[in-house]
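>>> requesting a structural model of the entry that follows:
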Amino acid sequence: MRHNKKFNHLGRTSSHRKAMLSNMCASLLLSPNKRIFTTVAKAKALKKVVEPIITKSKEDTTHSRRLVFQDLQNKTAVTELFQNISQKVADRPGGYTRIIKTGARLGDNAAMCFIELVDYNENMLKEKKAASKGRTRRSKKNADAAEVAPKAKETAKKAKAEKVEEVEALEAAPESLPVVDAAPEATPEAPAVEEPKKEEE
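Numbers count the residues shown, from 1 in each chain. Here you go, the predicted structure:
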């Protein structure tokens, strides 16, 4: 049983796996469109390695550069990361990469995908901006509720003020109150129908 053993060894030794993920990180950072094509298993393993590296690059110090170089072992990739990528992802609090599945590989039916840096996919950024311009149902509902609430409060205040004025007016002039008889008026009774008299024999 493999209870609590979630780490994917990718069928490689520790040194082989570390070198492979380091090379994949450098390839991702140095590619022109910041995207590489690989299997889903490798992409998931790469995501866990490359995202902490990008987080370290937000602080441009000698110490952070040395820590990043320990993992990448590639000076060109370190320079690209600290000069360009760190500025582009500065406002993003994590989640720098995206995995897009592309189906199965023809030879061995392995699940394949793209892994890319989120901030470099211009098409997805345009779609996100276009979607954010339109109101969502929830925000519209909240906006309508925010508009309706003050109006409802104003109408309730007005109604309360009117009631108070009426009560004060009635207390000031009790003579103006309408007189109500204690006994209700008798309703007119229907005329009695006379029974025809029997003729005496």
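>>> now do the same contact list for the residue nearest to Ser27 when sequence neighbours are not counted.
Of all residues not flanking Ser27 in the chain, Ile36 sits nearest, at 5.4 Å (Cβ to Cβ, 6 or more residues apart in numbering). All C-beta spots, glycine's among them, are computed from the backbone N, C-alpha and C. The contact partners of Ile36, taken as Cβ atoms under 8 Å, 6 or more residues apart in numbering, are 24, 27-28, 114-116.
>>> in helices, which of the residues you listed fall?
24, 27-28 (DSSP state H).
>>> scan those residues and report the most crowded one.
Among the ones in helices among the contacts of Ile36, the one with the most neighbours (other Cβ atoms under 10 Å) is Leu28, at 23 neighbours.
>>> and that one, what pLDDT?
What the model reports as pLDDT for Leu28 is 96.
>>> what's the nearest residue to it if we skip its chain neighbours?
Ile36 (5.2 Å).
>>> how close does that neighbour get to Asn4?
31 Å (Cβ to Cβ, to the nearest Å).
>>> which residue ranges of this protein form strands?
Along the chain, the stretches classed as strands by DSSP state E are 35-39, 97-104, 111-117.
>>> which residues sit against the longest one?
So the one you mean is strand 97-104. Contacts to strand 97-104, defined as Cβ under 8 Å, 6+ apart, come from residues 28, 37, 40, 43-44, 46-47, 50-51, 110-118, 121, 124.
>>> chain center to it: distance?
Distance of strand 97-104 from the chain centroid (Cα atoms, centre = their mean, to the nearest Å) equals 23 Å.
>>> give the rounded mean pLDDT of it.
For strand 97-104, the mean per-residue pLDDT is 95.
>>> what's around Val89, how many residues?
21.
>>> which residues touch it?
Counting by Cβ under 8 Å, 6+ apart, Val89 touches 54, 58, 96, 117-119.
>>> check His9 too.
Taking Cβ under 8 Å, 6+ apart, we find His9 in contact with Arg17.
>>> list phi and psi for it.
Phi and psi for His9, reported as degrees, to the nearest 10, are phi -80, psi -10.
>>> give the contact list for the residue nearest to Ala43 when sequence neighbours are not counted.
Closest residue to Ala43 apart from its sequence neighbours, by Cβ to Cβ, 6+ apart: Ile115 at 4.2 Å. By Cβ under 8 Å, 6+ apart, the contact set of Ile115 is 28, 35-36, 38, 43, 46-47, 97-100.
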